[in-house]
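**Q** quick one: sequence plus predicted model below, questions after.
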Amino acid sequence: MTLILDAGAVTALAGRRAQLQELLDRGLWPAQVPAVVLAAALTGDHRRDFNANRLLRACQIREVDVTIAREAARLRTATGRAGSISAVDAVVAAHAQTCPDAIVLTSDPDDLAALTLHTASPVAVLAV
């Protein structure tokens, strides 16, 4: 299984060692994080971002290439809600479909579920 975090999951898990240990015990760690998620999850102030940066050092940060970006655009359009669904969430879904047995941990399960309805391979969505 491959765990992928969206921005809300990064924020929610930052500083929560017990939850991280549970994910590790279940074999779901390290998580993958598409690089664009950092723009949504961080403030740029190292003091405010301390816990998130510590979490991200334990994650696998994945680059977003043109193929993933175009697939994200297709997924957003396919939902019929392209104007209200985050492009970052769409990138998370597009990345997730490339991973074996993908699970997206998110604070926005409705939008991610709408996106994953249109992915080429199954993606599970779990609320954080």
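**A** Right, received. Where do you want to start?

**Q** please name the nearest non-neighbouring residue to A78.
**A** Counting by CB to CB, 6 or more residues apart in numbering, H118 is the residue found nearest to A78 once chain neighbours are left out, at 4.0 Å. Using the backbone N, CA and C atoms, a C-beta is placed for each residue, glycine as well.

**Q** so who does that neighbour touch?
**A** When the contact criterion is CB atoms under 8 Å, 6 or more residues apart in numbering, the partners of H118 are R74, L75, A78, T79.

**Q** which one of those is nearest to R16?
**A** The shortest approach to R16 among the contacts of H118 belongs to L75, at 29.0 Å (CB to CB).

**Q** buried residues in stretch 10-30?
**A** Along stretch 10-30, these residues count as buried under the neighbour rule (16 or more other CB atoms under 10 Å): V10, T11, A12, L13, A14, L20, L23, L28.

**Q** tell me which two in those residues are the farthest apart.
**A** Between any two of these, the greatest separation by CB to CB is 18.0 Å, found for T11 and L28.

**Q** the bottom helix or strand of this structure by mean pLDDT?
**A** The helix or strand of the chain with the lowest confidence, counting by mean pLDDT, DSSP states H and E, is helix 17-25 at a mean of 90.

**Q** which helix or strand contains the nearest residue to A14 once chain neighbours are set aside?
**A** Spatially, and ignoring its direct neighbours in sequence, A14 is nearest to N51 (3.8 Å; CB to CB, 6+ apart). N51 belongs to helix 50-57 when assigned by DSSP states H and E.

**Q** tell me which strands and helices that helix is in contact with?
**A** For helix 50-57, the elements it packs on are helix 7-13, judged by 3 or more CB pairs under 8 Å, 6 or more residues apart in numbering; DSSP states H and E.

**Q** what about the helix it packs on, average pLDDT?
**A** Averaged across helix 7-13, the pLDDT comes to 96.
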